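**Student:** got a sequence here, can you build the structure:
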Amino acid sequence: MIVGLTGGIGSGKTTIAKMFHELGVSIYIADIEAKKLMHTSQEIKEELIAAFGEETYIDGELNRSYLSNIVFNQPEELKNINEIVHPRVGQHFKDWYAARSEEKYIIKEVAILFENDSYKHCDKIITVVAPLETRFERLLQRDQTTREAIQSRMNNQWSDAKKIALSDYIIHNEDLEKAKNQVAKIHQEISLMSQEI
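**Tutor:** Numbers count the residues shown, from 1 in each chain. The predicted structure is shown next:
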């Protein structure tokens with residue numbers, strides 16, 4: 001089974017993914033794999049340079065601040081980046097998943113699971129939610145950014161309500177102990193379910 005894990009920026013998806021990992025579940029974190037591929041795939045490098053110029057890479061390293069600046073000022077360019085990167089990440093995931101066919105289920109963590117339609121390829125979906133102010137605090141601390149920049153990124157994502165409507169499980173990620181209990185319960189349910197399939 002493929003279980004999609006998503007949530008708005010700052011909701012704590014990665015923390016929840018780690019909790020599942022501690023229970024022995026294999027986790028595919030799409031953002032991390034996408035970043036790796038942007039550094040290692042010659043095809044991606046060439047296409048990004050063709051689309052955004054030589055400054056996209058400095059000494060072979062992805063110039064993230066340059067790309068972030070483009071997306072921040074021209075949000076429509078995010079679509080172009082995604083069209084270059086996402087098909088490669090999709091193929092990479094298929095290969096990764098094929099190598100884990102013996103496992104009861106795996107988790108695919110994707111920030112824009114709904115926005116890019118990849119939720120359609122998941123057997124179950126977990127959405128992580130947290131209060132807006134908590135999310136702002138986490139991101140201000142983590143990214144040394146501004147509320148305006150965070151809000152801009154949030155505006156590019158679906159609302160929690162929209163995600164919840166299409167999800168099988170919701171994890172409220174404010175209190176770590178409570179979140180851990182929710183993870184354990186969901187893990188048990190999905191493990192049982194996967195035995196029946």
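**Student:** in the protein, where is pLDDT below threshold?
**Tutor:** With pLDDT under 70 as the threshold, the chain has low-confidence stretches at 197.
**Student:** all helices for it, in order.
**Tutor:** Counting by DSSP state H, the segments of the chain that form helices are 13-22, 30-40, 42-52, 64-73, 77-98, 132-143, 147-155, 160-165, 176-196.
**Student:** how about residues contacting the first one?
**Tutor:** To tie it back to what came earlier, the one meant is helix 13-22. 5-7, 27, 29, 107, 109, 111, 126, 128, 171, 173, 176, 179-180, 183, 187 (Cβ atoms under 8 Å, 6 or more residues apart in numbering). The way it works is simple: take the backbone N, C-alpha and C, and place the C-beta from them, glycine included.
**Student:** now list the buried members of these.
**Tutor:** The neighbour-count criterion (16 or more other Cβ atoms under 10 Å) marks 5-7, 27, 29, 107, 109, 111, 126, 128, 171, 173, 179-180, 183, 187 among the contacts of helix 13-22 as buried.
**Student:** let's see which of these end up in strands.
**Tutor:** Counting by DSSP state E, the members of these that fall within strands are Leu5, Thr6, Gly7, Ile27, Ile29, Ile107, Glu109, Ile126, Val128, Ile171.
**Student:** export those residues as JSON lines, with columns for distance to Ala99.
**Tutor:** Written out in JSON lines, the entries for these read as follows (distance: Cβ to Cβ, whole Å):
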{"residue": "Leu5", "distance to Ala99": "19"}
{"residue": "Thr6", "distance to Ala99": "23"}
{"residue": "Gly7", "distance to Ala99": "26"}
{"residue": "Ile27", "distance to Ala99": "14"}
{"residue": "Ile29", "distance to Ala99": "16"}
{"residue": "Ile107", "distance to Ala99": "15"}
{"residue": "Glu109", "distance to Ala99": "18"}
{"residue": "Ile126", "distance to Ala99": "23"}
{"residue": "Val128", "distance to Ala99": "26"}
{"residue": "Ile171", "distance to Ala99": "27"}
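**Student:** that older thread, closest to Thr145 out of the buried ones among the contacts of helix 13-22?
**Tutor:** Top of the list for closeness to Thr145, among the buried ones among the contacts of helix 13-22 and by Cβ to Cβ, is Ala111 at 15.8 Å.
**Student:** test my guess that the closest one contacts Ser11.
**Tutor:** No - contact status for Ala111 versus Ser11: not in contact, 9.4 Å apart, counting by Cβ atoms under 8 Å.
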